[in-house]
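1. turn this into a model:
(2 chains)
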Protein chains: 2
Amino acid sequence: MTGDLARFSVNQMTLRQLSLPELTAACVRLGVPAVGLWREPVRAYGVEAAAALVRDAGLTVSSLCRGGFFTTRTSPDDNRAAVDEAAALGTDTLVLVSGGLPPGSRDLAGARARIAEAIAELVPYAASRNVRLAVEPLHPMYAADRCAISTLDQALTIAEAFPADRVGVVVDTYHVWWDERAPAAAIRAAMAGRLHSFQLADWTTPLPAGVLNGRAQLGDGVIDLSAWCSLLDGAGYHGPVEVELFNDALWAREGLVVLAETVARYRRIRESGIPEK
Amino acid sequence: MTGDLARFSVNQMTLRQLSLPELTAACVRLGVPAVGLWREPVRAYGVEAAAALVRDAGLTVSSLCRGGFFTTRTSPDDNRAAVDEAAALGTDTLVLVSGGLPPGSRDLAGARARIAEAIAELVPYAASRNVRLAVEPLHPMYAADRCAISTLDQALTIAEAFPADRVGVVVDTYHVWWDERAPAAAIRAAMAGRLHSFQLADWTTPLPAGVLNGRAQLGDGVIDLSAWCSLLDGAGYHGPVEVELFNDALWAREGLVVLAETVARYRRIRESGIPEK
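-> Residues are numbered from 1 along each chain as shown, chains lettered A, B, ... in the order given. Predicted coordinates for the structure are as follows:
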C-alpha cells in the first residue's frame, strides 16, 4: 500500500500535537515516506538530533519551513541559519515566507522590491549549501502582515531572475486556488523545474479570527484538489505532495488518527477524485 | 467648508446604528452631500418613503448596494427589483456583489462564467430603467462564499462586453489594495467611463472571525488611500468617493461622532496626505 503514498509528505504543523519522535513513529507505522519540518520545533529538539531521528526512521525531509520575513523581523544571519538547518536536515528545499509591510509603512510595492533584493542577497549562500530557495506566495489576506508576495506570478517573477535549481516557488492550494492566473503560472514553474514544493490544504468558511488556522482537511472544503494534482502531474512535477494543515479542530484530536485520516483523504484525491462534501 | 466634501459620500452601512432619518439629519448637519444606500434597510423603511426623505434633505444617492448573488440565492426577479429600487431612489448605479460557489460546488471557473451570463441577462432591463450595473470585485478571501469575482481585471472583463454607460466596475480599496494589477485596471476603467463607484475603507489586522466586519476607519490601516484618490483623480474620475466601513467598534459608537470623524479623516486624505498611523 505504500506505492500510492510514494510522493506523500506530511508537514509537521499538520500534527503539531505530536512530538518529533511521535511524528516519525506515526509516519513509519502508516507508511508515510516523508515529512516537511518547521524550524522552531526542530530547533527545540535539536537540529542534529532531529536529522538523525528522521534519517534513522527512513524518512526523507521534503522541505523546511521557513526562512524569509525579509521586511520585518528576520536578519540575514537568521536566514543563513535557516539554510544551514535545511542542509543539516538533508532537505534541498527551504520555503520562504517573505514578510508583510514594515511597521508604519503603506508602501506595498516597496516591500515587494525589498523582498526581491533580500532573496537575491541570500541566493549565493544557499547555493553554497546546495539548498534551493522556494518563494511561497501567500493568500492576499496575508499581504499586510505575513507575506507581501500574494500571487504565484509575483513569486515566479522573483524566482526567474535566478537559475531554476537555485530559486523556485511553492504552490500551496490554500493560497492560490482563487487565482485564475495560478494554473498557468504553476505549469510554467513545473515545466521549468522551478516548482520546488507543492502543498495541499482545503478552503472552508467562515474563516477563523486572525485567519491563520483555517487550513482545512483535504476534501472538507471547496478546492478542487484532484484537479490541482492532475495539473501538476501533467506539467511534469514528480516531487513531494505535502499536506500542511493549520486547524484547531484537527490539533485537538489524536495525532495518529488525524494522520490516518489525512492519508485516506489523500488516497481518494489521487485515485478516484475528491471526497464527497 | 462643503467644497472639499463635494464628492464625499457615506455609505449607510458605515452608520448602521442610525435610522435612515437619523442618517439624513447627520449628513445635513455635517455638510455631507451624498449617501450610498443598502437595499435591506431601505426596503424596511419603504423605498418611496426613503427616496422622498433623502431627496427632501437635499442629498443625492451615490449608489445602491446591492444586486447580484447570481450563483446562489438571488432570483432574476429579485435583481430586477433591485434595479427598480435604484431607479426609485434616484441613483444611476446598482452595485453587484456576484456570489460565490453554489452549494457543494468546487467549480470556480464555472461560477465565474455563470456570473457573466447572469449579468448579461440583467443588462437590458437595467438599461431600460437607466440604471448602470457596477460589478464589484471582492477580496479573494470572499471567493468561496460571497463573490467569485476576485480582481478588478475580472470585473472589467465582464463589463467590457457592454457599453460603458451600461456596465462598469466598483473600485473598493479594501478589496483591491493588495493587487499590483489593480491600479492599471482602475485607470483603464476610469478613462473608459466604466468606473461607476469608488469606495474607501482601510485594512487592519488581525482580521475578525468571518472577515466581514474588519473594514477599518480611513487612516487606521495600511492602505495608501491618498494615492488611490490621486490615481483616480488623475485618470479623470470625478464621481463620488463613498466611505463604506463595516466595523463593530465603529457601530458601537455614536453615529454622528463617527460621521464627523470620517469626514475629518477624508479631508486629511484629500488635502494633506493620509493621517499618521
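2. ok, A:Met13 to B:Ser19 distance?
-> A:Met13 is 48 Å from B:Ser19, where distance means CB to CB, to the nearest Å. All C-beta atoms are positioned from the backbone trio N, CA, C, and that covers glycine.
3. compare those two and say which is more crowded by neighbours.
-> A:Met13 (20 against 13; other CB atoms under 10 Å in any protein chain shown).
4. find the helix or strand that A:Ala51 is a member of.
-> Using DSSP states H and E, A:Ala51 sits within helix A:47-56.
5. number of residues surrounding A:Thr93?
-> Neighbours of A:Thr93 (other CB under 10 Å): 22.
6. look up phi and psi at the closest residue in space to it that isn't next to it in sequence.
-> Distances taken as CB to CB, 6 or more residues apart in numbering or on different chains place A:Ser63 nearest to A:Thr93, at 4.3 Å, with adjacent residues excluded. A:Ser63 adopts backbone torsions of phi -170, psi 160, taken as degrees, to the nearest 10.
7. again with the one 5 residues further on
-> According to degrees, to the nearest 10, the main-chain angles of A:Gly68 amount to phi 120, psi -140.
8. my guess is A:Phe175 contacts A:Pro137. True?
-> Small correction: residue A:175 is His, not Phe. Yes: assessed by CB atoms under 8 Å, A:His175 is found in contact with A:Pro137 at 5.8 Å.
9. contact partners for the residue lying closest to A:Val211 once chain neighbours are set aside?
-> Of all residues not flanking A:Val211 in the chain, B:Leu207 sits nearest, at 5.1 Å (CB to CB, 6+ apart). Going by CB atoms under 8 Å, 6 or more residues apart in numbering or on different chains, B:Leu207 touches A:141, A:207, A:209-211, B:141, B:214.
10. by neighbour count, which of those wins?
-> For these, neighbours tallied by other CB under 10 Å; top is B:Gly214, 25 neighbours.
11. for the closest residue to A:Gly36 other than its chain neighbours, what are its contacts?
-> The shortest distance from A:Gly36 to any non-neighbouring residue, by CB to CB, 6+ apart, is to A:Asn11 (3.9 Å). With contact taken as CB under 8 Å, 6+ apart, A:Asn11 is in contact with A:35-38, A:63, A:65, A:199, A:242-245.
12. ranking by neighbours, what's the top pick from these?
-> Going by other CB under 10 Å, A:Ser63 tops the contacts of A:Asn11 with 31 neighbours.
13. so that one sits against A:Glu242, correct?
-> Yes: with contacts counted by CB under 8 Å, A:Ser63 reaches A:Glu242, the gap being 6.5 Å.
14. overlap in contacts, these two.
-> Contacts common to A:Ser63 and A:Glu242, judged by CB under 8 Å, 6+ apart, are A:9, A:11, A:36, A:197.
15. spell out which residues of the stretch 1-150 of chain A are next to chain B.
-> A:101, A:104-109, A:112, A:139-141, A:143-145, A:150 (CB under 8 Å from any CB of the partner chain).
16. just the buried ones from these, in PyMOL syntax?
-> Of the residues of the stretch 1-150 of chain A next to chain B, the buried ones go into a single PyMOL selection, burial set by 16 or more other CB atoms under 10 Å in any protein chain shown:
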select buried, chain A and resi 101+105+106+107+108+112+139+140+141+143+144+145+150
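17. show me the residues of the stretch 1-150 of chain A next to chain B that map onto helices.
-> Cross-referencing the residues of the stretch 1-150 of chain A next to chain B against helices under DSSP state H gives A:108-109, A:112.
18. would CSV of the residues you listed with distance to A:Ala190 be doable?
-> As requested, those are arranged in CSV below (distance: CB to CB, whole Å):
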residue, distance to A:Ala190
A:Leu108, 28
A:Ala109, 28
A:Arg112, 24
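19. what are the ranges of the strands in the stretch 101-250 of chain A?
-> Residue ranges of the strands in the stretch 101-250 of chain A, as given by DSSP state E, counting those that start in this stretch, are A:132-135, A:167-172, A:195-200, A:202-203, A:215-216, A:241-243.
20. list the contacts of the most centrally placed residue in chain A.
-> Central residue of chain A (CA atoms, centre = their mean): A:Gln199, 5.2 Å from the mean position. Going by CB under 8 Å, 6+ apart, A:Gln199 touches A:11, A:36, A:170-174, A:241-244.
21. okay if I get those as CSV plus pLDDT?
-> Output for those, formatted as CSV (pLDDT from 0 to 100):
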residue, pLDDT
A:Asn11, 98
A:Gly36, 98
A:Val170, 98
A:Val171, 98
A:Asp172, 98
A:Thr173, 98
A:Tyr174, 98
A:Val241, 98
A:Glu242, 98
A:Val243, 98
A:Glu244, 98
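22. which of the residues you listed sits closest to B:Glu117?
-> Of all the contacts of A:Gln199, A:Thr173 has the smallest distance to B:Glu117: 27.1 Å, by CB to CB.
23. I'd guessed the closest one sits against A:Gly221; true?
-> No: A:Thr173 is beyond contact range of A:Gly221, at 9.5 Å (criterion: CB under 8 Å).
24. overlap in contacts, the two.
-> Shared contacts of A:Thr173 and A:Gly221, counting by CB under 8 Å, 6+ apart, come down to A:202-203.
25. list the buried residues of stretch A:89-102.
-> A:89, A:91-101.
26. low-confidence stretches in the stretch 151-277 of chain A?
-> A:272-277 (pLDDT under 70).
27. try it again with 50
-> Counting by pLDDT under 50, the ranges of the stretch 151-277 of chain A that qualify are A:276.
28. residues of it that sit close to chain B?
-> Near chain B, when you scan the stretch 151-277 of chain A using CB under 8 Å from any CB, you find A:154, A:177-180, A:203, A:205-211, A:221-224, A:227, A:274, A:277.
29. so which of those are in helices?
-> The helices, defined by DSSP H, take in A:154, A:227 from these.
30. and the buried ones among the residues of the stretch 151-277 of chain A next to chain B, selectable in PyMOL?
-> To isolate the buried members of those in PyMOL, using 16+ other CB under 10 Å:
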select buried, chain A and resi 154+177+178+179+203+205+207+208+211+221+222+223+224+227+274
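31. against A:Ala164, how distant is the residue lying closest to A:Ala190 once chain neighbours are set aside?
-> Closest residue to A:Ala190 apart from its sequence neighbours, by CB to CB, 6+ apart: A:Ala235 at 3.7 Å. Going from A:Ala235 to A:Ala164 by CB to CB gives 14 Å.
32. for the nearest residue to A:Leu133 once chain neighbours are set aside, what are its contacts?
-> In this structure, A:Leu133 finds its nearest non-sequential neighbour in A:Val167, 4.8 Å apart by CB to CB, 6+ apart. By CB under 8 Å, 6+ apart, the residues touching A:Val167 are A:119, A:123, A:132-135, A:158-159, A:161, A:194.
33. run the chain-centre distance for stretch A:210-219.
-> 14 Å (CA atoms, centre = their mean, to the nearest Å).
34. my bad, should have said stretch A:157-165
-> 18 Å.
35. just stretch A:33-43 next, same as before
-> 11 Å.
36. please apply the same query to stretch A:104-117.
-> With CA atoms, centre = their mean, you get 23 Å for stretch A:104-117.
37. go on, stretch A:211-231?
-> The answer for stretch A:211-231 is 14 Å, by CA atoms, centre = their mean.
38. tabulate the CA atom coordinates of it in PDB.
-> Taking C-alpha atoms only, stretch A:211-231 is exported to PDB below (Å, rounded to 0.1, in the frame of the first residue of the first chain):
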ATOM      1  CA  VAL A 211      -7.300  33.700   9.500                       C
ATOM      2  CA  LEU A 212      -4.300  31.600  10.400                       C
ATOM      3  CA  ASN A 213      -5.800  28.300  11.500                       C
ATOM      4  CA  GLY A 214      -8.500  27.700   8.800                       C
ATOM      5  CA  ARG A 215      -6.400  25.400   6.600                       C
ATOM      6  CA  ALA A 216      -8.900  22.500   6.300                       C
ATOM      7  CA  GLN A 217      -8.600  18.800   5.900                       C
ATOM      8  CA  LEU A 218      -8.500  17.600   2.300                       C
ATOM      9  CA  GLY A 219     -12.000  17.200   0.900                       C
ATOM     10  CA  ASP A 220     -13.700  19.300   3.600                       C
ATOM     11  CA  GLY A 221     -13.700  22.500   1.500                       C
ATOM     12  CA  VAL A 222     -14.200  23.900  -1.900                       C
ATOM     13  CA  ILE A 223     -10.800  23.500  -3.600                       C
ATOM     14  CA  ASP A 224     -10.700  21.000  -6.500                       C
ATOM     15  CA  LEU A 225      -7.600  19.300  -5.100                       C
ATOM     16  CA  SER A 226      -7.700  16.400  -7.600                       C
ATOM     17  CA  ALA A 227      -7.600  18.900 -10.400                       C
ATOM     18  CA  TRP A 228      -4.600  20.600  -8.900                       C
ATOM     19  CA  CYS A 229      -2.700  17.300  -8.500                       C
ATOM     20  CA  SER A 230      -3.600  16.300 -12.100                       C
ATOM     21  CA  LEU A 231      -2.500  19.700 -13.400                       C
END
